[in-house]
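S.K.: Output the structure for:
(one chain, ligands or ions: 2)
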Amino acid sequence: MSEPVLELVNVVKAYGEVSVLHGIDLRVGAGELVAVVGPSGSGKSTLLHIMGTLERPTSGVVRINGVDAARLGDRQVADVRARDIGFVFQQFFLAAHATALENVADGMLYAGVPARARCRRATEALERVGLSHRAHFKPAKLSGGERQRVAIARALVGRPAIVLADEPTGNLDSATGASIVSLLHELNAGGATIIVITHDHDLALEMPRQVQVLDGRIVRDSHAASVL
Ligand code: ADP
Ligand code: MG
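M.R.: Ligands and ions are numbered 1, 2, ... in the order given. Now for the predicted structure:
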């Protein structure tokens, strides 16, 4: 693997007495499409929060593009997050009062991109997810699948090093979910590095790499010679 865009070394996470992650080692290279799969309660969302620097690990190392997040202050971590990481969540989290285009453009608010460039890049990102014709619709006028496409465009618009998607098809019917999965494949073929968190084994098997999580541990990684 070339220099990893994301690297976790012996990551442990505990909430008080409750230990959730027990020593996670994971390297993800540029251009990968990875499924992190495991049953509900296995620690997947906690892992995503730590990979995305939304939470700090109790111990262990998180490196984004080679930079150890623990060495950065909160402000610098927020900058790394804004520049290098795009998030997609099961619940979409779109602003109801804003159009699709505005929601996508907001993905660059913290990256210091001037307004006109934000609009142009948001227009391009909506094109990439096949939603140009809905640019001026508000979320209430969009289907679930369209909302998730907007959220994916928002995650991609700043061209982050990595996109983290937590159960991106969890609120969608299976046909719509399948179209979102093929969109993720297309975006990956276009160069995006994507990690998809899912409890769905069939969905995971459609990804080139599967990392299986159980009770806060990686129990299988299809790309690692040996993880245990
Ligand atoms: P998954 O996404 O795989 O369903 P989570 O990462 O959401 O799993 O949760 C894993 C375990 O960690 C669960 O038992 C959950 O109750 C616990 N957990 C998650 N977040 C917290 C928290 N903030 N405080 C205490 N326990 C938590
Ligand atoms: Mg979860």
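S.K.: Need phi/psi at the closest residue to Val61 other than its chain neighbours.
M.R.: Of all residues beyond its chain neighbours, the one nearest Val61 is Val9 (4.2 Å), with distances taken as CB to CB, 6 or more residues apart in numbering. To be clear about C-beta, it is placed using only N, CA and C from the backbone, and glycine gets the same treatment. Phi and psi for Val9, reported as degrees, to the nearest 10, are phi -120, psi 110.
S.K.: again, but for Leu94
M.R.: Torsion angles, degrees, to the nearest 10, at Leu94: phi -90, psi 150.
S.K.: wouldn't it be in contact with Arg149 here?
M.R.: No: using CB atoms under 8 Å, Leu94 is not in contact with Arg149; the gap is 10.7 Å.
S.K.: higher neighbour count, those two?
M.R.: Arg149 (26 against 22; other CB atoms under 10 Å).
S.K.: pLDDT below threshold where in the chain?
M.R.: The chain contains residues with pLDDT under 70 at 1-2, 110-111, 224-228.
S.K.: So what sits opposite the spatially most central residue of the chain in the bridge?
M.R.: Centroid check for the chain by CA atoms, centre = their mean gives Leu164 as the closest residue, at 0.9 Å. Beta-bridge partners for Leu164, by DSSP bridges, are Phe87, Ile195.
S.K.: just checking, it touches Phe89?
M.R.: No: with contact defined as CB under 8 Å, Leu164 does not count as touching Phe89 (9.2 Å).
S.K.: any idea how far the nearest residue to Ala135 once chain neighbours are set aside lies from ligand 1?
M.R.: Of all residues not flanking Ala135 in the chain, Leu101 sits nearest, at 4.3 Å (CB to CB, 6+ apart). Counting by CB to the nearest ligand atom, to the nearest Å, the gap from Leu101 to ligand 1 is 31 Å.
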